[in-house]
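Asker: Need the 3D shape of this:
(one chain, ligands or ions: 1)
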Amino acid sequence: MLIPKGALVVSCQARADNPLHGPVYMSAMAQAAEAGGAKGIRANGVEDIAAIRAVTALPIIGISKVWDDRFPVYITPGFEDAARIAKAGADIIGIDATARPRDGEPVERLIARIRSELGKEVFADISTLDEGRAAHAYGATYVATTLSGYTEETASRRGEGPDLELLEALVAALPIPVVAEGRFDTPDLVAEAFKRGAHAVVVGTAITNPREITKKFVRAADARNP
Ligand SMILES: CC(=O)N[C@H](C=O)[C@@H](O)[C@H](O)[C@H](O)COP(=O)(O)O
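Answerer: I've put the predicted structure just below:
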């Protein structure tokens with residue numbers, strides 16, 4: 001298992017509309033995260049993953065976000081996406097492991113092929129306890145709370161804090177490492193996740209998205225100066 005127990009993993013992602021988009025900024029971000037003590041990196045797309053691989057030996061959870069209007073699944077929907085990011089240097093393949101429709105093989109087959117044909121660990125992003133149980137049964141190496149609040153079934157959590165209840169339920173139910181991810185945006189919440197049994201915690205926006213961090217501070221300023 002490549003992600004050590006107690007690890008903080010930093011997600012270094014910036015979409016095309018973000019001024020920090022691209023491999024130059026994302027590899028610098030990964031180096032900054034490593035210098036700060038991160039024990040793993042999560043990154044999206046072949047270009048960013050290859051650039052990050054060139055500057056660090058930390059384990060990389062690679063994902064490939066592919067948006068398609070016909071399907072709700074966009075995090076590494078198919079085997080070809082997984083193969084490309086493995087080749088770029090990802091050690092662990094992050095996938096949407098919900099049961100939602102995808103452009104590609106069913107999730108059980110995707111997990112099996114990543115393990116057998118690519119020889120990589122599988123990091124299963126899920127949104128419910130049942131999805132976590134299924135991902136474990138299909139052979140995922142880790143399950144993570146990443147998609148709670150982002151699926152129809154969990155839409156009521158949108159805009160809420162991290163899903164600590166789901167984290168606890170997964171920890172109680174599964175013998176594999178459970179990773180806390182999604183809206184863990186303060187050190188206190190990271191500590192709380194470990195208290196509740198998380199194997200590791202992934203933090204993205206709160207560390208690597210200065211635009212969103214700035215907005216938070218501006219909201220505080222505006223509230224004081226209406
Ligand atoms: C739902 C979805 O697509 N989540 C994505 C998964 O890769 C990222 O956009 C998140 O930034 C990442 O999960 C980390 O979470 P947070 O940025 O809240 O710390």
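Asker: which ones are touching the closest residue to the ligand within the chain?
Answerer: Closest residue of the chain to the ligand, CB to the nearest ligand atom: residue 204 (2.9 Å). For every residue, glycine as well, the C-beta is placed using N, CA and C. Residue 204 is in contact with 10, 11, 12, 13, 42, 181, counting by CB atoms under 8 Å, 6 or more residues apart in numbering.
Asker: Same question for residue 207.
Answerer: Shown here is residue 207, whose contacts under the criterion CB under 8 Å, 6+ apart are 10, 11, 33.
Asker: Same list (the residues you listed) but as CSV, adding distance to the ligand, pLDDT and neighbour count.
Answerer: Converted to CSV, these look like this (distance: CB to the nearest ligand atom, whole Å; pLDDT from 0 to 100; neighbours: other CB atoms under 10 Å):
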residue, distance to the ligand, pLDDT, neighbour count
10, 9, 99, 26
11, 4, 99, 27
33, 13, 98, 25
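Asker: Need those residues in JSON lines (columns: secondary structure).
Answerer: Shown next, in JSON lines, are the contacts of residue 207 (DSSP: H, G, I helix; E, B strand; the rest coil):
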{"residue": "10", "secondary structure": "strand"}
{"residue": "11", "secondary structure": "strand"}
{"residue": "33", "secondary structure": "helix"}
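Asker: if you look at the longest helix seen in the chain, does any of it touch the ligand?
Answerer: For the chain, the longest helix by residue count, based on DSSP state H, is helix 210-224. No - against the ligand, helix 210-224 shows no contacts by CB under 6 Å from any ligand atom, the least distance being 8.1 Å.
Asker: ok, residues contacting that helix?
Answerer: Counting by CB under 8 Å, 6+ apart, residues outside helix 210-224 touching it are 18, 19, 20, 205, 206.
Asker: The third one touches residue 26, doesn't it?
Answerer: Right, residue 20. Yes - using CB atoms under 8 Å, residue 20 is in contact with residue 26, at 7.4 Å.
Asker: Of those two, give the one with the bigger neighbour count.
Answerer: residue 26 (24 against 17; other CB atoms under 10 Å).
Asker: Helix or strand for the closest residue to that one other than its chain neighbours, just tell me which one.
Answerer: Spatial nearest neighbour of residue 26, excluding adjacent residues (CB to CB, 6 or more residues apart in numbering): residue 48 at 4.4 Å. Residue 48 is part of helix 46-53 when elements are defined by DSSP states H and E.
Asker: so what does that helix touch, helix or strand wise?
Answerer: In this structure, helix 46-53 packs against helix 23-35, strand 40-44, strand 60-63, helix 79-88, with contacts taken as 3 or more CB pairs under 8 Å, 6 or more residues apart in numbering; DSSP states H and E.
Asker: Could you export the ones you listed as a markdown table, including distance to residue 98?
Answerer: What follows is the helices and strands packed on helix 46-53, written out as a markdown table (distance: least, CB to CB, whole Å):
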| stretch | distance to residue 98 |
| --- | --- |
| helix 23-35 | 26 |
| strand 40-44 | 18 |
| strand 60-63 | 14 |
| helix 79-88 | 16 |
